[in-house]
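*Asks:* okay, here's the prediction I keep looking at, along with the sequence it came from:
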Amino acid sequence: MKLSKEEREIIREAEEETEHEELFSHDRHKKYLFHALAIFILIIAVAYFTLSMPTFSNFLGIIESQNTMDNVFHEGIYTIVISQNIVNYLQDSYDKQADHESIYCLKGNVNGSFYNITSLYQPEVYSKTYTNVRFESCSDDTLIILHTHPIRECLPSKTDLNTLRNFQEKNPNTIMAVMCDENRINFIP
């Protein structure tokens with residue numbers, strides 16, 4: 001049976017239309033798959049950068065810490081005034097000693113929740129690394145035990161908190177400070 005020219009044209013158009021629909025359908029699936037994959041990768045990337053422990057703890061530390069542009073700090077009920085000369089010294093020292101932690105014992109007067117820091121000294125250091133410092137205990141009249149941390153790592157470690165709690169048995173007025181940038185200090189009562 002021979003098809004007429006008109007019938008052959010109808011069949012050809014139908015075949016082309018079917019091929020076009022299959023091709024279009026395949027492209028649409030590719031497009032949806034590509035978008036789903038892109039969204040998945042974006043979610044993974046955002047989760048990695050915002051929820052990874054170092055980044056998240058850095059974020060929390062920056063929120064808890066204070067800028068040293070002034071020499072007056074407020075931590076909860078405490079007001080801490082540090083002599084501008086001491087603030088300048090600490091800022092200069094932070095940059096010079098960025099390859100290891102440093103420790104300082106800050107002294108002065110305390111009246112209730114008001115601290116006036118007028119002097120500092122460095123205790124004997126037994127060992128120091130980028131993330132740790134072992135030192136002779138500060139004198140009992142020390143009001144602030146200040147040590148440095150790597151840049152933007154402003155939260156105290158468990159060891160830091162244990163050191164503070166042990167020292168507070170000798171002097172309950174002592175607080176800890178973590179300097180985590182040239183212009184940033186976190187005070188821990």
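*Replies:* Structure received.
*Asks:* where do the helices sit along this structure?
*Replies:* Assigned by DSSP state H, the helices in the chain fall at 5-51, 53-64, 84-96, 158-168.
*Asks:* pLDDT weak spots in the chain?
*Replies:* The model of the chain has pLDDT under 70 over residues 1, 3, 11, 14, 16-29, 47-68, 130.
*Asks:* recalculate using a threshold of 50.
*Replies:* Scanning the chain for pLDDT under 50 picks out no residues.
*Asks:* who's the residue nearest to Thr118 when sequence neighbours are not counted bridged to?
*Replies:* Nearest non-adjacent residue to Thr118, counting by CB to CB, 6 or more residues apart in numbering: Gly108, 4.3 Å away. Yep, even glycine has a C-beta here, placed from its N, CA and C like the rest. Gly108 has these beta-bridge partners by DSSP bridges: Ile117.
*Asks:* wait, isn't Gly108 in contact with Leu120?
*Replies:* No - counting by CB atoms under 8 Å, Gly108 does not reach Leu120; the two are 9.2 Å apart.
*Asks:* thinking Gln97 is in contact with Thr148, fair?
*Replies:* Yes - look at Gln97 against Thr148 with CB under 8 Å: they come within range, at 6.8 Å.
*Asks:* neighbour count winner among those two?
*Replies:* Shown here are Gln97 and Thr148; by other CB atoms under 10 Å, Thr148 has more neighbours (24 against 12).
*Asks:* just checking, that one touches Ala177?
*Replies:* No - applying CB under 8 Å, one finds Thr148 not in contact with Ala177, separated by 9.7 Å.
*Asks:* who's in contact with Cys180?
*Replies:* 61, 65, 148-154, 186 (CB atoms under 8 Å, 6 or more residues apart in numbering).
*Asks:* would you list those residues in TSV and tack on distance to Arg134?
*Replies:* Output for these, formatted as TSV (distance: CB to CB, whole Å):
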residue	distance to Arg134
Gly61	22
Ser65	24
Thr148	14
His149	15
Pro150	17
Ile151	21
Arg152	23
Glu153	18
Cys154	21
Asn186	21
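*Asks:* which of the residues you listed sits closest to His35?
*Replies:* Nearest to His35 among these is Arg152, at 35.5 Å by CB to CB.
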